[in-house]
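Engineer: need coordinates for the following:
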Amino acid sequence: MAVDSLDTRILRLMIEQPRTSVREYARLLGVARGTLQARIDRLERAGVITGTGPRLSPSALGHPVLAFVHIEVTQGHLDEVGEALSAVPEIIEAFSITGGGDLLTRVVARDNGHLEDVIQQLIQLPGVVRTRTEMALRERVPHRLLPLVESVGRDASAAR
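Structural biologist: Down below sits the predicted model:
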């Protein structure tokens, strides 16, 4: 979906000030509340805005260890293993991938021993052939979308 400059400004505000009301966003942007609400509704319908909940910190929840676990799966068992991963609370994301392995998971743990326990749990899942784990040392670029939103908005404006 193409976003224009107003969409970009709306998304920027929603990212930078997520707890602000629609009325206040409209005031800050200098647009009618109805216009703003219609834009937000359109962005939600298009799947650009997928949620408005809080971002949580696994570290603050007592899980400061972050690892990426590659999982190799027996052919034909990808869906089964994918479903089984959803039962492991320490897995906060999982993706089917190409390259070395079939699945890439983002795993959090209380400490290294806990991480080993989680990995042992993964190895025991039916259909899992092997795992490979990479530990995250330091976050260099936090999860972000604003630079992408601004780039898409610029590209859409330049195309007009």
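
Engineer: least confident secondary structure element in the protein?
Structural biologist: Sorting the helices and strands of the chain by mean pLDDT, DSSP states H and E puts helix 146-159 at the bottom, at a mean of 82.

Engineer: return the distance of stretch 13-21 from the chain's centre.
Structural biologist: How far stretch 13-21 lies from its chain's middle: 18 Å, per CA atoms, centre = their mean, to the nearest Å.

Engineer: need the pLDDT of the closest residue to residue 9 other than its chain neighbours.
Structural biologist: Nearest-residue entry for residue 9: residue 29, 5.8 Å, with adjacent residues in sequence omitted and distances by CB to CB, 6 or more residues apart in numbering. C-beta coordinates here come from the backbone N, C-alpha and C atoms, glycine included. Residue 29 carries a pLDDT value of 96.

Engineer: give me the below-cutoff pLDDT ranges for the chain.
Structural biologist: Residues of the chain meeting the criterion pLDDT under 70: 160.

Engineer: break it down into its structural domains.
Structural biologist: Using automatic domain parsing, the domain parsing of the chain gives 5-54, 65-135.
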